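# I'd like to go over a predicted model; first the sequence, then the structure.
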8 protein chains.
Amino acid sequence: MDVKKLLCQVKEGSLSIEEAQEMLRLLPYEDLGCARLDHHRRIRTGFPEVIFCQGKEKEHLKKIFASFRDRQENAMGTRASKEQAEFVSEEVPEILYDPISRILKLEYEKTEQTGLVAVCTAGTADIPVAEEAAQTVEFFGGRVERYFDVGVAGIHRLLAVKEDIDRANCIIAVAGMEGALASVVAGLVNKPVIAVPTSVGYGASFGGISALLTMINSCANGITVVNIDNGYGAGYVATQINRLVEKKDG
Amino acid sequence: MDVKKLLCQVKEGSLSIEEAQEMLRLLPYEDLGCARLDHHRRIRTGFPEVIFCQGKEKEHLKKIFASFRDRQENAMGTRASKEQAEFVSEEVPEILYDPISRILKLEYEKTEQTGLVAVCTAGTADIPVAEEAAQTVEFFGGRVERYFDVGVAGIHRLLAVKEDIDRANCIIAVAGMEGALASVVAGLVNKPVIAVPTSVGYGASFGGISALLTMINSCANGITVVNIDNGYGAGYVATQINRLVEKKDG
Amino acid sequence: MDVKKLLCQVKEGSLSIEEAQEMLRLLPYEDLGCARLDHHRRIRTGFPEVIFCQGKEKEHLKKIFASFRDRQENAMGTRASKEQAEFVSEEVPEILYDPISRILKLEYEKTEQTGLVAVCTAGTADIPVAEEAAQTVEFFGGRVERYFDVGVAGIHRLLAVKEDIDRANCIIAVAGMEGALASVVAGLVNKPVIAVPTSVGYGASFGGISALLTMINSCANGITVVNIDNGYGAGYVATQINRLVEKKDG
Amino acid sequence: MDVKKLLCQVKEGSLSIEEAQEMLRLLPYEDLGCARLDHHRRIRTGFPEVIFCQGKEKEHLKKIFASFRDRQENAMGTRASKEQAEFVSEEVPEILYDPISRILKLEYEKTEQTGLVAVCTAGTADIPVAEEAAQTVEFFGGRVERYFDVGVAGIHRLLAVKEDIDRANCIIAVAGMEGALASVVAGLVNKPVIAVPTSVGYGASFGGISALLTMINSCANGITVVNIDNGYGAGYVATQINRLVEKKDG
Amino acid sequence: MDVKKLLCQVKEGSLSIEEAQEMLRLLPYEDLGCARLDHHRRIRTGFPEVIFCQGKEKEHLKKIFASFRDRQENAMGTRASKEQAEFVSEEVPEILYDPISRILKLEYEKTEQTGLVAVCTAGTADIPVAEEAAQTVEFFGGRVERYFDVGVAGIHRLLAVKEDIDRANCIIAVAGMEGALASVVAGLVNKPVIAVPTSVGYGASFGGISALLTMINSCANGITVVNIDNGYGAGYVATQINRLVEKKDG
Amino acid sequence: MDVKKLLCQVKEGSLSIEEAQEMLRLLPYEDLGCARLDHHRRIRTGFPEVIFCQGKEKEHLKKIFASFRDRQENAMGTRASKEQAEFVSEEVPEILYDPISRILKLEYEKTEQTGLVAVCTAGTADIPVAEEAAQTVEFFGGRVERYFDVGVAGIHRLLAVKEDIDRANCIIAVAGMEGALASVVAGLVNKPVIAVPTSVGYGASFGGISALLTMINSCANGITVVNIDNGYGAGYVATQINRLVEKKDG
Amino acid sequence: MDVKKLLCQVKEGSLSIEEAQEMLRLLPYEDLGCARLDHHRRIRTGFPEVIFCQGKEKEHLKKIFASFRDRQENAMGTRASKEQAEFVSEEVPEILYDPISRILKLEYEKTEQTGLVAVCTAGTADIPVAEEAAQTVEFFGGRVERYFDVGVAGIHRLLAVKEDIDRANCIIAVAGMEGALASVVAGLVNKPVIAVPTSVGYGASFGGISALLTMINSCANGITVVNIDNGYGAGYVATQINRLVEKKDG
Amino acid sequence: MDVKKLLCQVKEGSLSIEEAQEMLRLLPYEDLGCARLDHHRRIRTGFPEVIFCQGKEKEHLKKIFASFRDRQENAMGTRASKEQAEFVSEEVPEILYDPISRILKLEYEKTEQTGLVAVCTAGTADIPVAEEAAQTVEFFGGRVERYFDVGVAGIHRLLAVKEDIDRANCIIAVAGMEGALASVVAGLVNKPVIAVPTSVGYGASFGGISALLTMINSCANGITVVNIDNGYGAGYVATQINRLVEKKDG
């Protein structure tokens, strides 16, 4: 908030007190009734708006994406069902849908991809979450390398790619079941590891809680954790780190 | 139960029906009032009696160990407090106490140690549980090799001893915190791995539950799990496997 | 890893340093993109590859089994849905599917069955998990005897088969609800008991957690536990023990 | 409440409306400020008052027992600490304290013991809870037989006393750890089994929850459950059943 | 087991030792392959066999009920789905199905109903579980009175029927959500209260756990608890108590 | 209960003792067999009857609403499915159904709306629960202002409406996921905040438990909590407070 | 925040832009290094500052209370240990400590007590929490009536005081164990009931969780819940309601 | 591992095959028996060794720190008790102990502090964990700014320092109770937020689980989470990010 400029204008009289009062309250979002879209978000944070689609009414989603289409702004939706995707694309036909990651995407302006984030999975069943993470990083302008099915049950597969992984600015480790991948990766490389537990598993995996606990309790250094299946959240933080590192080069 | 012999005696008249009825009820335990000691256990199973001391009254423990002393039988107590040990040794001065493993031991007859069981720990704080396991195997006549502080946060320490571990008939993997050791060991060797979660850790380790869940959900093959801190239970099963393997040599 | 031989070849010059470096990294798996198949696994461990089908994409499964078909290797899939089975068999018609155990199987070479593993269940509803365990043992070359519906609510049924069970090298005890079967079996016989909790039950059975806790907390000696409904895992460990015992005979 | 008699008195004029209103509100308890003692309870229910001592202020307890002493009424306190017992006995020296069951007792009038309740424990560490149950039954006028240390890990000990147990009107089964005793007892006898989980155990026994779940999920018929360590509650219900059965004889 | 008679026959020579050995093992159940039916159960316990249908294969159920039909024995199935009921009735058309309680019933011989059990529910949504309990009691020969929708949110409804309830030999209190009904009933009457938590509720009721905990922790005397939704289990114990009380009259 | 009047009539003889006894038992509800409707409730409490529809049999609901229709009384049903609504409206066509809040409503007499309750949500997915709360307040005669999608992830949106919210007599804060909205609202305004956790979220949100715990543990003053998704309960309490405040004006 | 006045001063030039910027940042708290005291809080909210003492360093507490003493402001500390109280009173001898409620109090100016809040407990062990609630209300200027030991196990005790309770503006219901008191109170009166679960109980009461769940799941209308043992929080909200109601009279 | 160089030496004959085999196994740690110290760690990762002291034997700790002292290497111990600190300092008197953060430190060589990490706490009771995090960053060479007691209950305190916090390379947010601080911080600034739940709280805060869940479920972008009270872990990751950002400047 550029309070100083506003105060200057008040002082100069180019802004009335009432207007100033109002502006201090007026925030740069658009009120659609059901949602308050934050179109200035990209300017403020450098991140375009992302919509969490799960559980939202189809009609609401259509309204939201239409609003971005009208402004020709990039926007991404996560956890969109096939049904939601089809409903929105009736109104916004240029929208793209990836059934694996369940990402909906409007991309009017391609973002260049810089830096490097490594995305690893323990098994093949973890791929949907890993793709949500990877595509989030890419949507936000990061470069991604994927290392899938390198879980600890056959640790030679992971050792074989250790040096490749170590080149990244940070690593996203995606694993369900016992979730030990993050510990072993953090023991092998010396970069921040963002651990994503997945709901892959059965029985006492409790829909991902076992993997979450493994990661939270890891005795390896350099691990932080996001919510179960939260590929988007991991991708967002990985982007923040990747950008912080790369920005300094310029 | 040698029912056949008993029935023969009934038929021959060398045993009355009433006596037979009684003998079918009479079982080879000694009723101390507070406990029913199973002195024939060793004959039946090949395992001497083991007493779980935690929570038992000091007076009860003294009575129990005195009974074994009177018969000059080997006996072991687990999870004995220092206070319990001192109280019992007033009456049974030849009893031995190890404050690390908290094992109380009467060993009138030394058992020869055969076969091989490997006992690994993730960290140094897991040693008390590992010692309970190792000394249980030794008490029951198994040979033990110890590999302590080989946790996955520095996986090179484990890789360095992989081949030594692989020579054992089975492996006991002891770990707290995130408990990933068992998965990695089972991924490296091809022997039964008995995983012992420990209560080492803090916060969301929930007194060992995190490690327990990791081990139960392991995607590596060949892992079974015992209760948190249950070094004795792991030692017992390891002994069973070790004996089954070795007995065939004879 | 035959590091010695490799080092010899380097010394002799029959292997260049670059080749050696590469070979130390190159591991005997096949990268299908979605999965890294471990075709050498059988040679290394004596166990053919087994695929956990649940949650895997149908297309991925088809690719995986086709790869084994192409090499005419035995392979087994667990927790396959009927739909997955049908989809795979379009491409690999010789594949077998058992709807009770949900096992998919390619068996080009029949394995001889040796040793003995006893598989017990508490009730009839536990049979699917028990069959997964039993057929796993059989696929890996073990002989199995089944004792179904011998739960503790009518303990005479279990006592009636006690001596048969005791002849096995190890016992798999499968039970849901309160899961007391494992304790009672371990109290009756003196062989390793691998306890498999099942999700059979309702209310406070919490999808198998009650049975899991019962088994983990058992005061009987000789019990280790695998994950809820993890018949495969129990079968794998039972095979390891069965082989260890039998191999010594030769 | 004898509403009819009261209404008659109102009609006859021997009771004013105001008095009747008051009596409808006035209940036969004594308000000590901190507690409302129900001295008529014994008349209404046939059960003397019982005080749950744990967590109560020493001063409050002293006041309460002094009130019973003043009326020379029998009274029992459960879960009393040694310190509480000593404090109360300064004022009420005739009070009795049993450190095993932690029961405090005023017994001015001895109650005859009729019927039969069997109290079983799985191990010796369960004895304190079992004694709370047994002494509760005895205080309320029931006859008790004790069968301690008959847990399922050595099932022959339980089978040996099966027929004795079966003679009781109901059975209290006290067990910690995996708590399988109740299931096996209920499978052997055909009387109501009141299951008392105890906090005996460690690790994943979660202070008795494992035993509680085992008992609640039992597939044997005839089991109901009370709270962890709630020997008193089990004794109360056992008394109700024992009395209902015996009363009919008269 | 009439061991004495058997032993007499052995002595007299009317029974060979081998036959006796066999008979000690042979138990009066019928092995259908998938299930071991206990046709002598009724003779031993006075209770006809009851089948827990949930999760059982339709084919298995059909076999089981046909076996009872062939012997013209009463039998009851609980938690039967409509689909199971229809499948069985193709083979056994005289079978009865109640969609509310989900009970399947073969009743060749009507049982007279004696004694009295009161069945209360907190709300209307608890009726299915209450009916399972009530019909179980009736099937086993007990008389039932139903008091539905008398939950504590409007306590006057319960007070209005207090005296009727108090006439029963025992009370079954069925409640979901916060499950306070059992406490209040036990505070009002002086008979054993068998509390049945139900899975009625939402949010933090956790499928009945909240009600289960309320009942297990009740500070009222005389309450024991069965599993969530376990109407059958409550009905069984209520029958045991009801019979114990009534049998003494004869 | 006008006990005094009744007693007077007994005294005067205008009411027989037997009638009085009956009247003390007769309570102003209508027994439909499956439910006991409390038609006097509105007179007693000022709140019309509200039916919790979830899990109720369609036939039962139809009977219940028909009973209100017959008396032309206002009535509301919560958590009604579309199918239930359609079934009831066959018999009671004037009934209204809102698919967002899932409220069924009979409103023969419009209630005037007074006072002010603010209803806030963190996100758009929380709207159904918020609408249940808001429409409950309105049905009971309160005025509502809605502030949706003002969650803490973009705190400027909440700050922008702070002063509007502060004018209400109390605030309902509806939030899923991490549920921090209630804390921040209570930190900003000085009115009672009724926090409603919702089941919106995934992974470790555990169907609303995370939000519930956040709200229960809030370090802000002035927050109380209702069950997950319990919009109705929040609306009820908000109405009580709103009425208490407004009634004093008159 | 009086933004308008500030803006006016900027416009008039009586305040420089830099000063205004600073003032917008400067908030009326005092930074003690370890804590930021909010001395203007009372002016803003009408509530004096309250310190949560548990877990705070003694030295910090002394500094905090000395600061209030220096300004001769009323202040209250909750959950203060006896040791903390003694340490603070060395520096601030006029401070008052109540060992039951564990409240520390500086009261330079007595607040008049208006309105009415009823505080009920289920048992005597709940009194400390109830006193924290009651004394909080009194400290904030509300009148309190106490109804202790009126739990549902003897419901006549509660019915006897129903009408007294109903006169209050709101009711605080304090209960541990099964926590049914709140449901029954809310069923009897028609005022907001603030339910406080306590950690009183044992076994499956889980330190108050059972009571918390009971209260959160209550099917009675008009209940909201605060954290386990959070008497202060209940007292705060009760004060808010009490003030809102009473303020309107003026 | 410099495998290439080693292979070269083998080829050249300057290293025998046996020596090479040994070196491939020999890893740069020192085996103290109880622990395997990784003295090369600093060279490999740039981080000196850090010892987790909690639960370690005093004798083991003394040995470990003496080993670092002998090499005059910096070393840090976390979660050291006062007793451990005193025991170690007998042998290593130059060791420093901070009772707030419970950090033990050997610092022979001062590390320069670069970059910037902001450490915020919600309350004063969170300071010990925050200090562990802050001092970890400082020990590893990062600059720290502390913002304590800026929790969301008084959000103006946080808003007042928002811009200062935003200058850091990443933010550590430390909070117990409901743990909402991390969400609000992440909503205000656009840097990675490492959230540390603390065990501060009571009742349903479950020793920090409530705060952990809040943080894991946060709907704000840019948050990752470490274990409860794991200040060290947060400090480590913050250092990694801080270094990655700063290193690029050079």
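Structure's in. What do you need? Numbering: from 1, shown residues only, chains lettered A, B, ... in the order given.
# Strands of chain A, residue ranges please.
Listed in chain order, the strands found in chain A under DSSP state E are A:30-31, A:36-37, A:50-52, A:75-78, A:96-98, A:103-106, A:114-121, A:142-147, A:170-175, A:193-197, A:223-225.
# Reformat these as JSON lines; add mean pLDDT.
Listed next are these as JSON lines, based on pLDDT from 0 to 100:
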{"stretch": "strand A:30-31", "mean pLDDT": "52"}
{"stretch": "strand A:36-37", "mean pLDDT": "57"}
{"stretch": "strand A:50-52", "mean pLDDT": "89"}
{"stretch": "strand A:75-78", "mean pLDDT": "94"}
{"stretch": "strand A:96-98", "mean pLDDT": "95"}
{"stretch": "strand A:103-106", "mean pLDDT": "94"}
{"stretch": "strand A:114-121", "mean pLDDT": "96"}
{"stretch": "strand A:142-147", "mean pLDDT": "96"}
{"stretch": "strand A:170-175", "mean pLDDT": "97"}
{"stretch": "strand A:193-197", "mean pLDDT": "97"}
{"stretch": "strand A:223-225", "mean pLDDT": "97"}
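# Format those strands as JSON lines; extra columns: distance to G:Q135 and mean neighbour count.
All C-beta atoms are positioned from the backbone trio N, CA, C, and that covers glycine. Shown next, in JSON lines, are these (distance: least, Cβ to Cβ, whole Å; neighbours: other Cβ atoms under 10 Å in any protein chain shown):
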{"stretch": "strand A:30-31", "distance to G:Q135": "45", "mean neighbour count": "12"}
{"stretch": "strand A:36-37", "distance to G:Q135": "43", "mean neighbour count": "21"}
{"stretch": "strand A:50-52", "distance to G:Q135": "45", "mean neighbour count": "20"}
{"stretch": "strand A:75-78", "distance to G:Q135": "50", "mean neighbour count": "24"}
{"stretch": "strand A:96-98", "distance to G:Q135": "60", "mean neighbour count": "15"}
{"stretch": "strand A:103-106", "distance to G:Q135": "56", "mean neighbour count": "22"}
{"stretch": "strand A:114-121", "distance to G:Q135": "56", "mean neighbour count": "24"}
{"stretch": "strand A:142-147", "distance to G:Q135": "57", "mean neighbour count": "20"}
{"stretch": "strand A:170-175", "distance to G:Q135": "52", "mean neighbour count": "31"}
{"stretch": "strand A:193-197", "distance to G:Q135": "45", "mean neighbour count": "33"}
{"stretch": "strand A:223-225", "distance to G:Q135": "42", "mean neighbour count": "32"}
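# okay if I get the ones you listed as JSON lines plus distance to chain B?
Listed next are those as JSON lines, based on distance: least, Cβ to the nearest Cβ, whole Å:
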{"stretch": "strand A:30-31", "distance to chain B": "39"}
{"stretch": "strand A:36-37", "distance to chain B": "34"}
{"stretch": "strand A:50-52", "distance to chain B": "25"}
{"stretch": "strand A:75-78", "distance to chain B": "26"}
{"stretch": "strand A:96-98", "distance to chain B": "26"}
{"stretch": "strand A:103-106", "distance to chain B": "27"}
{"stretch": "strand A:114-121", "distance to chain B": "12"}
{"stretch": "strand A:142-147", "distance to chain B": "17"}
{"stretch": "strand A:170-175", "distance to chain B": "9"}
{"stretch": "strand A:193-197", "distance to chain B": "10"}
{"stretch": "strand A:223-225", "distance to chain B": "9"}
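# and B:V117, which of those strands is closest to it?
Relative to B:V117, the nearest member of these by Cβ to Cβ is strand A:170-175, separated by 30.0 Å.
# Pull the residues that contact the closest one.
With contact meaning Cβ atoms under 8 Å, 6 or more residues apart in numbering or on different chains, strand A:170-175 is reached by A:117-123, A:126, A:129-130, A:133-134, A:137, A:151, A:165, A:181-182, A:185-186, A:189, A:191-198, A:200, A:211, A:215, A:231, A:234-235, A:238, A:241-242, H:244.
# Give me the ChimeraX select line for these, limited to the buried ones.
A single ChimeraX command selects the buried members of the contacts of strand A:170-175 (16 or more other Cβ atoms under 10 Å in any protein chain shown):
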select /A:117,118,119,120,121,122,123,126,129,130,133,134,137,151,165,181,182,185,186,189,191,192,193,194,195,196,197,198,200,211,215,231,234,235,238,241,242 /H:244
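# Among the contacts of strand A:170-175, which lie within helices?
Among the contacts of strand A:170-175, the members found in helices (DSSP state H) are A:129-130, A:133-134, A:137, A:165, A:181-182, A:185-186, A:211, A:215, A:231, A:234-235, A:238, A:241-242, H:244.
# got the contact list for whichever residue of chain A sits closest to chain C?
Scanning chain A for proximity to chain C using Cβ to the nearest Cβ identifies A:G203 as nearest, at 3.0 Å. Counting by Cβ under 8 Å, 6+ apart, A:G203 makes contact with B:216-217, C:197, C:199, C:207-208, C:212, C:227-230.
# Setting the sequence-adjacent residues aside, check what's closest to A:T198.
Closest residue in space to A:T198, ignoring its immediate chain neighbours: A:G176 at 3.8 Å, by Cβ to Cβ, 6 or more residues apart in numbering or on different chains.
# ok, the one you found - how many residues close by?
The local packing of A:G176 (other Cβ atoms under 10 Å in any protein chain shown) involves 31 other residues.
# same question, A:E83
A:E83: 9 neighbours (other Cβ under 10 Å).
# Check it and give its pLDDT.
Looking at A:E83, its pLDDT reads 95.
# Need the pLDDT of the closest residue to it other than its chain neighbours.
The shortest distance from A:E83 to any non-neighbouring residue, by Cβ to Cβ, 6+ apart, is to A:K58 (7.4 Å). You'll see A:K58 listed with a pLDDT of 88.
# Same question for A:V237.
Residue-level pLDDT assigned to A:V237 equals 97.
# what number of residues lie near it?
As a measure of burial, A:V237 has 28 neighbours, counting by other Cβ under 10 Å.
# where are the low-confidence patches of chain A?
Per-residue confidence of chain A (counting by pLDDT under 70) places the weak regions at A:1-6, A:18-46, A:248-250.
# Swap in 80 and give it another go.
A:1-13, A:15-46, A:48-49, A:153-154, A:247-250 (pLDDT under 80).
# For chain E, what's the nearest residue on it?
Scanning chain A for the residue nearest chain E gives A:F206, at 13.6 Å (criterion: Cβ to the nearest Cβ).
# got a list of what that residue touches?
Contact analysis of A:F206 by Cβ under 8 Å, 6+ apart lists B:L213.
# and the gap between the residue found closest to A:A118 once you drop the neighbours it is linked to in the chain and chain G?
Closest residue to A:A118 apart from its sequence neighbours, by Cβ to Cβ, 6+ apart: A:A168 at 3.8 Å. Using Cβ to the nearest Cβ, to the nearest Å, one obtains 40 Å as the distance from A:A168 to chain G.
# now swap in A:N74 and tell me
As defined by Cβ to the nearest Cβ, A:N74 lies at a distance of 34 Å from chain G.
# Repeat that for A:A173.
Noted for A:A173: a distance of 34 Å to chain G, by Cβ to the nearest Cβ.
# Same check on A:D70?
With the distance defined as Cβ to the nearest Cβ, A:D70 ends up 34 Å from chain G.
# try A:A195
A:A195 is 29 Å from chain G, by Cβ to the nearest Cβ.
# shouldn't A:S199 be in contact with A:M177?
No. If you go by Cβ atoms under 8 Å, A:S199 and A:M177 don't touch, sitting 10.1 Å apart.
# shared neighbours, those two?
A:S205.
# Can you get me a residue count around A:E12?
Taking other Cβ under 10 Å as the neighbour definition, A:E12 ends up with a count of 9.
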